[in-house]
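Participant: Structure, please.
(4 chains)
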There are 2 protein chains.
Amino acid sequence: MDGCVTPEPDAARVAATRDRLVTPQEATRLAELFRLLGDPTRARLLYALLEAGELCVCDLADVVEVTDTAVSHALRLLRTAGIVASRRAGRMIYYRLADGHVRMLLDLSREHLREVT
Amino acid sequence: MDGCVTPEPDAARVAATRDRLVTPQEATRLAELFRLLGDPTRARLLYALLEAGELCVCDLADVVEVTDTAVSHALRLLRTAGIVASRRAGRMIYYRLADGHVRMLLDLSREHLREVT
DNA sequence: TGCATATATGAATAGCTCTTCAGGTGTCGT
DNA sequence: ACGACACCTGAAGAGCTATTCATATATGCA
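Facilitator: Numbers count the residues shown, from 1 in each chain, chains lettered A, B, ... in the order given. Have a look, this model is predicted:
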């Protein structure tokens, strides 16, 4: 069953891993989540929201130093994926991180980088 | 200083956020980390390692159902970024997740998806 | 109603990424 | 030393992505 000649203990581990492994669908969704965090502009937007709690589009553009349009495009992707949430106040729209998991992900990875460096 | 006319409290928040925000360099490194997790093949490889602890290239290819070559390319990126580590045993090379942070990231995001769904 | 502001959207292009193919390196068994 | 095996690497093409420009929608104010 293996593609290569693995020692006995490995064969068992391979079988067990294949059973417990995330499904392709789940993997796709996980990858999609990470992929959305994996762009410098979007990452900065998210960390800005992590610090500020809530910001409108133009302030986000100002903080991150990107065009309003680029921010809007980025936020649409993040919003569609449920990573950020929005609320309207007059003509401005305030964005925030969608939930605690996202906050933890951002926090954890920042820590990771600070320790690895 | 703002790109738009923000209410008073917001202006303060914008200034504070700009100060505390991750630097562009840090953001780039964070995005790079996430970007590497953000591919279905690499994600499956990492979750396979999360389950198995350690696997050689050909067993990884077998579990994830991808070409040896594709796995090799993927692992090189992950290894270079310090996300996985490797050890040679004879002609096989065993890969494992590099550290606890990576494991936590994978765990946390899987939980996130399971709760959101 | 008319104008300015804040954000969203669509199309297009430049740049990047993943996979595959072909070939290369290193290790084991005989 | 030779052949088989496990893995790596470089080049190339198909496909995807992020930004920009132009335009559209929506809200507030006079």
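Participant: what comes into contact with stretch A:92-109?
Facilitator: A:37, A:46-47, A:49-50, A:53-58, A:60, A:75, A:79, A:82-88, B:4, B:30, B:33-34, B:101, B:104-105, B:108-109, B:111-112, B:115-116 (C-beta atoms under 8 Å, 6 or more residues apart in numbering or on different chains). For the C-beta atoms, the positions are set from N, CA and C on the backbone; glycine is no exception.
Participant: Could you rerun that using 6 Å?
Facilitator: With contacts defined as C-beta atoms under 6 Å, 6 or more residues apart in numbering or on different chains, stretch A:92-109 is touched by A:46, A:49-50, A:54, A:56-57, A:75, A:82-87, B:30, B:33, B:104-105, B:108, B:112.
Participant: Also stretch A:57-73?
Facilitator: A:T41, A:R44, A:L45, A:A48, A:I93, B:D2, B:G3, B:C4, B:T6, B:V14, B:T17, B:R18.
Participant: Show the contacting residues for whatever residue of chain A ends up closest to DNA strand D.
Facilitator: Residue of chain A nearest DNA strand D, by C-beta to the nearest atom of the strand: A:C4 (3.2 Å). Counting by C-beta under 6 Å, 6+ apart, A:C4 touches B:C58.
Participant: low-confidence ranges in chain A?
Facilitator: Applying pLDDT under 70 to chain A flags residues A:1-3.
Participant: 80 instead?
Facilitator: The model of chain A has pLDDT under 80 over residues A:1-3, A:116-117.
Participant: pull the longest helix from it.
Facilitator: helix A:100-116 (DSSP state H).
Participant: Name the SS class of the residue of chain A closest to DNA strand D, please.
Facilitator: Three-state call for A:C4 (DSSP: H, G, I helix; E, B strand; the rest coil): coil.
Participant: hmm, back to that, ok, and for the longest helix of chain A, which residues are buried?
Facilitator: Neighbour-count burial for helix A:100-116 flags A:H101, A:V102, A:M104, A:L105, A:L106, A:L108, A:S109, A:R110, A:H112, A:L113 (criterion: 16 or more other C-beta atoms under 10 Å in any protein chain shown).
Participant: now swap in stretch A:28-40 and tell me
Facilitator: By neighbour count with 16+ other C-beta under 10 Å, stretch A:28-40 contains the buried residues A:R29, A:L30, A:A31, A:L33, A:F34, A:R35, A:L36, A:L37, A:G38, A:D39, A:P40.
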